[in-house]
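Undergrad: sequence? don't have it. structure:
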Ligand code: ADE
């Protein structure tokens, strides 16, 4: 079973929509939400991956349903949310986690590539949030968490993703203001270097760069998927009732590093920084195996 730090039954009776739940941080978060009693509605493009995660969650005693949808398409998102509301009633939470990008310097990004990344990481999240608001949350309230990325100092080598993620932070802040009147909170979580299956999506030429990431992090390690999932669960929970428009960084302090300032060594026992891993199915990404 998932070893959550949150109280059992925290999300009992809650319906929470999560995009991109087929792998990585999304899959881990789906498991934690279900372990805390939520009915999790997984949305993604690959029905096979969603079915596999639903089966894992059912095996752990949780409740999850998979829905395949391309979140870039307005009509498809509208129809999907109508289907979710008809089948499950009010939607209490939305985790906008689906994303994707490819490494490329700006000079090599075509308009098609740029727009594809913007559509997945920015437009899709907007469409999902707007439809959940229109079709359920404007009437019943709700909590939305947008998953972005450590784009502080921007994203050399993945400029389309940096632009999309920064846009999503701005969207989060605008929606927090405009939707507060409906009892809807909107926040974001910005994960840094996380040891998740997403690390295996990059080309083999990036292997050594990826393995060296912890040297640029004051806490000297990768984060775990569960450390991100816990931040998401907190923002969805009633304990975050006065938090809206915030972006919660989960990055070991990476954006606080100053070029030219030597990186201090971490005490050998790690102090209060030892990794938290509550996910019973967590696996080391292949790129980090042997570390
Ligand atoms: N995950 C990544 N891209 C997606 C998309 N366009 N629709 C749904 N889930 C996705």
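TA: Yep, that arrived. Keep in mind that what you see is a predicted model, and the values were worked out from it rather than measured.
Undergrad: Quick check, the residue in the stretch 101-250 of the chain closest to the ligand?
TA: As assessed by Cβ to the nearest ligand atom, the ligand sits closest to residue 120 within the stretch 101-250 of the chain, at 4.5 Å. The way it works is simple: take the backbone N, C-alpha and C, and place the C-beta from them, glycine included.
Undergrad: quick one, what contacts that residue?
TA: Shown in contact with residue 120 (Cβ atoms under 8 Å, 6 or more residues apart in numbering): 71-72, 98-101, 164.
Undergrad: Near the ligand, list only the ones from these.
TA: By Cβ under 6 Å from any ligand atom, the members of the contacts of residue 120 lying near the ligand are 71-72, 98, 100.
Undergrad: can you put those residues in JSON lines and add secondary structure and pLDDT?
TA: Rendered in JSON lines, the data for those read as follows (DSSP: H, G, I helix; E, B strand; the rest coil; pLDDT from 0 to 100):
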{"residue": "71", "secondary structure": "coil", "pLDDT": "98"}
{"residue": "72", "secondary structure": "coil", "pLDDT": "98"}
{"residue": "98", "secondary structure": "coil", "pLDDT": "97"}
{"residue": "100", "secondary structure": "coil", "pLDDT": "91"}
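Undergrad: In ChimeraX, select just the buried ones from these.
TA: Applying 16 or more other Cβ atoms under 10 Å to those leaves a buried subset, and the ChimeraX line that selects it is:
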select :71,72,98
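Undergrad: Might one say that residue 118 is in contact with residue 161?
TA: No - the criterion here is Cβ atoms under 8 Å, and residue 118 misses it with residue 161 at 9.1 Å.
Undergrad: between those two, which one's more packed in?
TA: More crowded of residue 118 and residue 161, by other Cβ atoms under 10 Å: residue 161, with 25 against 18.
Undergrad: Could I get the full set of helices for the stretch 101-250 of the chain?
TA: Secondary structure of the stretch 101-250 of the chain (DSSP state H, counting those that start in this stretch): helices at 111-118, 124-132, 138-140, 159-179, 207-211, 225-236.
Undergrad: so of those helices, which one's packed in deepest?
TA: Highest mean neighbour count among the helices of the stretch 101-250 of the chain (mean count of other Cβ atoms under 10 Å): helix 225-236, with a mean of 25.
Undergrad: Please enumerate the strands of this protein.
TA: 15-19, 39-44, 63-68, 93-96, 142-147, 184-191, 247-250 (DSSP state E).
Undergrad: Stretch 86-100: how far from the chain's middle?
TA: 12 Å (Cα atoms, centre = their mean, to the nearest Å).
Undergrad: wait, what's in contact with residue 137?
TA: 91, 94, 144, 179, 182-184 are the contacts of residue 137 under Cβ under 8 Å, 6+ apart.
Undergrad: Quick check: ChimeraX command selecting the buried ones in those.
TA: The buried residues among the contacts of residue 137 can be selected in ChimeraX (16+ other Cβ under 10 Å) with this line:
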select :91,94,144,179,184
